[in-house]
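**Student:** After the sequence you'll find the predicted model.
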Amino acid sequence: MSLPLQIRRLGRQPYETTWKAMSAFTDHRTADTVDEFWLLEHDPVFTLGQAGKMEHVLAPGGIPVVPVDRGGQVTYHGPGQIVGYPLIDLRRAGVGVRELVNKIEQAIIDTLAHWNIVAERREGAPGVYVAEAKVAALGLRVRRGCSFHGLAFNVNMNLEPFHRINPCGYKGLAVTQVLDLGGPSRLADVEDVLVEEFCRQFGFRAEPAAPVIPELPARVAV
């Protein structure tokens, strides 16, 4: 039988609030906690992963730069980009970290194929690319055998802020988006297909959840 996956479509959310919420979700979860996939947009922000170097942030201007505990280098999040956070118990799902990355990339590749967009992965450079331009970035963290952070998939956004950084630490890396590749402009249309392909990769059964970040019980002092 397929495992359930709670799908939460959270709309536009501030970055740091969401980061703290998914970190807390991971800390509080038990062996019985149902896995979740959070889909949302962020207010404009540059995030700098654990391997990130400030030298790759060239001219942030008024956009905040937030050092975070995910893997990877610097990237940009903003309106018009699907951000997906898979909160998965990897042991229960039967996948390791490398397979987790490959399956997320493949879900994005297969999503783009719905609009006849040919995408590929690159060895040693996580993410998804179309004709040498990056359309989706990955940055993950695994704690207590469970994943958080995730993917950023450019759909219909202002790409200018990517010129203010070396995306993912690569000088001059071209960045593209679904709309410019001939795909749809509505994030919801792309999200629907992404959820379908994501569940197919991992053998999940999608279950709609309330469009709010779940409340967690307060920690008991010991």
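**Tutor:** Structure received.
**Student:** Return the backbone torsion pair for Tyr194.
**Tutor:** Just so we're on the same page, residue 194 is Leu rather than Tyr. Main-chain torsions, Leu194, degrees, to the nearest 10: phi -60, psi -40.
**Student:** same check, this time on the one 10 residues further on
**Tutor:** For Phe204, the backbone dihedrals are phi -90, psi 160 (criterion: degrees, to the nearest 10).
**Student:** Which strand or helix spans the residue nearest the centre of the chain?
**Tutor:** Most central residue of the chain, judged by C-alpha distance to the mean C-alpha position with C-alpha atoms, centre = their mean, is Leu151 at 1.8 Å. Element membership of Leu151 [criterion: DSSP states H and E] is strand 146-154.
**Student:** Now do that strand: distance to the chain's middle.
**Tutor:** Strand 146-154 has its average C-alpha position 2 Å from the chain's average C-alpha position, going by C-alpha atoms, centre = their mean, to the nearest Å.
**Student:** Show me the shaky parts of the chain.
**Tutor:** Under the criterion pLDDT under 70, the flagged ranges of the chain are 1, 217-222.
**Student:** mind redoing it with 90?
**Tutor:** Screening the chain residue by residue with the criterion pLDDT under 90, one finds the ranges 1-2, 49-55, 57, 71-73, 122-126, 166-173, 214-222.
**Student:** Show me where it has its strands.
**Tutor:** 3-13, 35-42, 45-48, 65-67, 74-77, 81-87, 120-122, 125-130, 133-143, 146-154, 204-208 (DSSP state E).
**Student:** Quick one: the ones you listed as JSON lines, columns for distance to His28 too.
**Tutor:** (Glycine included, C-beta is placed from N, CA and C.) Written out in JSON lines, the entries for the strands of the chain read as follows (distance: least, C-beta to C-beta, whole Å):
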{"stretch": "strand 3-13", "distance to His28": "15"}
{"stretch": "strand 35-42", "distance to His28": "12"}
{"stretch": "strand 45-48", "distance to His28": "23"}
{"stretch": "strand 65-67", "distance to His28": "23"}
{"stretch": "strand 74-77", "distance to His28": "25"}
{"stretch": "strand 81-87", "distance to His28": "11"}
{"stretch": "strand 120-122", "distance to His28": "33"}
{"stretch": "strand 125-130", "distance to His28": "28"}
{"stretch": "strand 133-143", "distance to His28": "12"}
{"stretch": "strand 146-154", "distance to His28": "11"}
{"stretch": "strand 204-208", "distance to His28": "20"}
